[in-house]
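Chemist: Mind folding the following:
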Amino acid sequence: MSTMNKEQIREAILRILADVIPNADTQAINPDISFHDQLELDSIDFLRLMMSLEKEMNVTIFDFDYPKLSTLKGCERYLAEQLMLTA
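Modeler: You can find the predicted model right below:
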């Protein structure tokens with residue numbers, strides 16, 4: 001999946017987020033505000049999100065990088081870097 005563009009990365013993140021939190025309004029997410037603050041994402045849901053992103057994108061996300069992925073914008077940037085895209 002290393003040929004994804006930024007739009008495809010965003011769509012994948014939002015789709016996975018909707019799977020993790022089925023009642024979340026993913027279209028209303030502010031890309032600069034943490035998922036926790038917007039969606040009441042707890043630590044278990046966040047771990048599920050990270051594991052799902054790893055599986056879907058075929059990347060490794062280290063636990064010390066989790067703070068970088070707390071927002072939509074952060075996820076996009078991190079995954080783009082992992083997929084060798086320019087951020």
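
Chemist: Lowest-scoring secondary structure element of the protein by mean pLDDT?
Modeler: Ranking every helix and strand in the chain by mean pLDDT, DSSP states H and E puts helix 35-39 at the bottom, with a mean of 92.

Chemist: Going by neighbour count, list what's buried in it.
Modeler: Buried residues in helix 35-39, counting neighbours by 16 or more other CB atoms under 10 Å, are found at 35, 38-39. Every residue, glycine included, has its C-beta placed from N, CA and C.

Chemist: Which elements pack onto that helix?
Modeler: For helix 35-39, the elements it packs on are helix 43-57, judged by 3 or more CB pairs under 8 Å, 6 or more residues apart in numbering; DSSP states H and E.

Chemist: Which residue ranges of the protein form strands?
Modeler: Read by DSSP state E, the chain holds no strands at all.

Chemist: any low-confidence regions in it?
Modeler: Residue ranges of the chain with pLDDT under 70: 1-3, 85-87.

Chemist: could you redo the last one with a cut-off of 50?
Modeler: 1-2, 86-87 (pLDDT under 50).

Chemist: This completes my enquiry, with thanks.
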